[in-house]
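Enquirer: 3D model of this:
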Amino acid sequence: MAPPLYVKGGVWTNVEDEILKAAIQKYGIYQWERISSLLPKKSAKQVKARWVEYLSPLLNKTDWTKEEDEKLLNLHKIFPNQWRSISNILNRTAVQCVERYQKLIDEAAGIKPGDDEENLGLSGPGIETLPAVGASSGLAVGEMNLNPESKPARPDDEDLPDDEREMLAEAKARLGNIQGKKAKRKARERMLEESKRIALLQKRRELKSAGINVKLTTRNKKKRKEFDYNADIPHEIIPQAGPYDTAEELKQNDFEKQQFGQQVSTKGISMKDIDDRIAKEESRRKKEIEKKKLERKREFNAAASLISEHEDSKRRKLNLPEPGTHNFEKTKSDVLTLTNQANNKLSEKEIARNQNKKRAAVAQLIKATFERLPPPKHETGEILPFVSTNILEFRNDVNANDISDIAGAKLPDETATNVSTLISRVVQRELPIPHPNNLRDLSTVKFDTLVDKLIAEECHRLIRSDYKQYHDTTINGVSTDKYDRDLLEKINQDIDKEFAQMDVSTVHSFEDYVLPKNFKVAESIIENLHTFHNENEKLTNKILESTNYEDQRDQKLQQLTHLWRELSDVNLSYSIEKKLFELESSAIDKELLCLRSEIDKLNKKIETLR
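Expert: Down below sits the predicted model:
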């Protein structure tokens, strides 16, 4: 006997509609075979017809207007029974066009919906476009719903049947899976079987509480011979009992099995195989990365140790000072003792020497980088002291441990001091010398005493002389070479004598001095504070103005460029006007000559006529 044929189709349910929408959202509107695999009771053609005829959001489900009715009747005259073409023009489905046309004909003929002649109405092409009378339109018993795809879905029951529940669970699992692994599908199948078994147990308990006993084993002989993968182990071979007691191990296995059952009943079966594989891959990759890092670190440490051993094995060079770099005079015996001490040093002293070398090299590098800096645009800011190169050379040439041996070092000659006394400290420290034109005019400055004024004038003269001597010889100023050295020495001697003759006992100490507590002193202090505050504000304003110098310079340059452009435009217009004036003046002169010649001709003609 041939197996029974199952014809797919029938009324669409709300669950099937939702599954179809979700599947189209994931797979698109072209993979109908794949979408139909989620719906066991529907084929690919029926799924496509359901979407195109009812569920598509592009469908026009509004009421028909008079203009559309007239257009429908006219199109039916042009395209008789070509409902697909008519539906494309009207932007509606073929079923809607057929039903509307049938309704218009029935209204014109006076046929009511309950008449028997309705069965002879028109129908569109295909099963999905045939006029359907679904569950909502009240089908009689035995009648066939020829077009269920274009009708509303059947509402859900309170309790879904098992087949619909399985279909919904499978669709959720497949549509929720974004990786598409076979192992995950197998795990979902096992979860589904487990959920079926739990549901069957719950049903058996409910029936048992009602007094009905139901067995879990199926009555089908075929299914009884199959493996129950949830209850038994397939193809299990039980080993024979050995000489050792395994009761504890069996208890442990039963306990773990019970724990696993509780975990599955509460959380479900996890994707353990896939998760374990991913975790193993991650751990292996991390171990490889750490291993590579350790190997690199070991290689680096080995190379560093080799370099340090090579440096330690070298014989230390004798760092003698270059001739003329310092003013020390050592005897041969001192040099020999220094070299002998250096050769007999321990490794700690060599390490200290290397550190001193590094420090000297860093100091030279910093000095060289600062020397390469460009000169400042504005000679403002705090001036730092200059470190002489002789100090660095002295630190490089002389070791830190040999300083104690150099006790009898001689100072520089007195001739150098005599020369340096005539040079200002600014030049000695190689500090920048300000331009004399940038100095303040002394006539605008108010001095408290005559001494302050004399000091300021002398400072101006010194700046002019230094700038003239080292920068620009065209600047007006008195050179310091014209000063008499003997006069300077005499002045210093007089100052020393005055200090020696001063009576120190008459000088009062200011340590125990306390200001008198009266209103006059307080008012004077407040006035001084106000004056200092005003001077401070003026200085801060000047500093801010100097900081905004770049912006002001840019603004001035922009103004100059703008004025230059305007001037060039005016000059161009002026040259054009001048040229036009010259051309017009030349034309006027020519016109005057022509007129004079004409007047002369007329005068001659008048004279001839007379």
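
Enquirer: which residues sit in contact with residue 73?
Expert: Contacts for residue 73 (Cβ atoms under 8 Å, 6 or more residues apart in numbering) come out as 101, 104. Any C-beta I mention is one placed from the backbone N, CA and C, and that applies to glycine too.

Enquirer: And the helices in the stretch 51-200 of the chain?
Expert: 66-78, 83-90, 94-109, 162-176, 182-209 (DSSP state H, counting those that start in this stretch).

Enquirer: go on, the stretch 201-350 of the chain?
Expert: Under DSSP H, counting those that start in this stretch, the stretch 201-350 of the chain gives helices at 221-225, 247-267, 272-313, 332-343, 347-371.

Enquirer: thinking again about what came up before, could you point out which of the helices of the stretch 51-200 of the chain sits nearest residue 577?
Expert: With Cβ to Cβ as the measure, helix 66-78 is the member of those nearest residue 577 (72.7 Å).

Enquirer: which stretches of the stretch 451-600 of the chain have low pLDDT?
Expert: 477-484, 503-513, 546-548 (pLDDT under 70).

Enquirer: need the least confident one among the helices of the stretch 201-350 of the chain, by mean pLDDT.
Expert: Lowest mean pLDDT of those: helix 332-343, a mean of 54.

Enquirer: Give me the contacts around stretch 27-46.
Expert: 8-10, 12, 16, 19-20, 23-24, 47-48, 50-51, 127-128, 149, 163, 167, 170-171, 174-175.

Enquirer: Around residue 185, how many other residues sit close by?
Expert: Other residues within reach of residue 185, judged by other Cβ atoms under 10 Å, total 14.

Enquirer: again, but for residue 471
Expert: 13.

Enquirer: residues contacting it?
Expert: residue 433.

Enquirer: Please state the backbone phi and psi of it?
Expert: phi -130, psi -60 (degrees, to the nearest 10).

Enquirer: Now restrict the contacts of stretch 27-46 to buried residues only.
Expert: Neighbour counting with 16 or more other Cβ atoms under 10 Å marks 9, 12, 16, 19-20, 23-24, 47-48, 50-51, 127-128, 149, 167, 170-171, 174 as buried within the contacts of stretch 27-46.

Enquirer: in this structure, which helix has the most residues?
Expert: In the chain, assigned by DSSP state H, the helix with the most residues is helix 549-609.

Enquirer: now residue 361: how far from residue 353?
Expert: 13 Å (Cβ to Cβ, to the nearest Å).

Enquirer: Then residue 520?
Expert: With Cβ to Cβ as the criterion, residue 520 and residue 353 are 67 Å apart.

Enquirer: Could you do residue 456 as well?
Expert: 52 Å.

Enquirer: Equivalent analysis for residue 158, please.
Expert: Taken as Cβ to Cβ, the span from residue 158 to residue 353 is 95 Å.

Enquirer: More neighbours: which of those two?
Expert: Of the pair residue 158 and residue 353, residue 353 is the one with more neighbours under other Cβ under 10 Å, namely 18 against 4.

Enquirer: and the more buried one, how far is that from residue 297?
Expert: Residue 353 is 29 Å from residue 297, by Cβ to Cβ.

Enquirer: and if you look at residue 521?
Expert: In terms of Cβ to Cβ, residue 521 sits 73 Å off from residue 297.

Enquirer: cool, residue 567 as well?
Expert: From residue 567 to residue 297 the distance is 71 Å (Cβ to Cβ).

Enquirer: Count the neighbours of residue 17 for me.
Expert: Count around residue 17 with other Cβ under 10 Å applied: 18.

Enquirer: Use 24 as the first number from now on
Expert: All right, first residue 24 from here; so that's residue 40.

Enquirer: Could you pull up the residues touching it?
Expert: 73, 78, 176.

Enquirer: all helices for the stretch 424-573 of the chain, in order.
Expert: Using DSSP H, counting those that start in this stretch, helices in the stretch 424-573 of the chain cover 437-444, 448-451, 473-493, 508-524, 542-570, 572-632.

Enquirer: quick one, phi/psi of residue 53?
Expert: According to degrees, to the nearest 10, residue 53 has phi -120, psi -20.

Enquirer: confidence score at it?
Expert: 89.

Enquirer: Tell me, how many residues neighbour it?
Expert: 10.

Enquirer: do residue 552 as well
Expert: 10.

Enquirer: Look up how far residue 472 lies from it.
Expert: 22 Å.

Enquirer: Any stretches of the stretch 124-273 of the chain with poor pLDDT?
Expert: 136-170, 172, 180, 200-206, 239-248, 253.

Enquirer: and if we set it to 50?
Expert: Within the stretch 124-273 of the chain, the stretches with pLDDT under 50 are 140-141, 148-161, 164.

Enquirer: Dump stretch 223-240 to CSV, restricted to CA.
Expert: This file holds the C-alpha atoms of stretch 223-240, laid out as CSV (Å, rounded to 0.1, in the frame of the first residue of the first chain):
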residue,chain,number,x,y,z
LEU,A,223,5.8,14.7,28.4
LEU,A,224,6.8,14.1,32.1
GLN,A,225,4.7,17.2,33.1
LYS,A,226,1.7,15.8,31.2
ARG,A,227,2.2,12.4,32.8
ARG,A,228,2.3,13.9,36.2
GLU,A,229,-0.9,15.9,35.6
LEU,A,230,-2.7,12.8,34.2
LYS,A,231,-1.4,10.8,37.2
SER,A,232,-2.8,13.4,39.6
ALA,A,233,-6.1,13.0,37.8
GLY,A,234,-6.0,9.2,38.2
ILE,A,235,-4.8,8.2,34.7
ASN,A,236,-1.6,6.3,34.3
VAL,A,237,0.3,6.8,31.1
LYS,A,238,3.6,5.1,30.1
LEU,A,239,6.5,7.1,28.7
THR,A,240,7.5,4.4,26.3
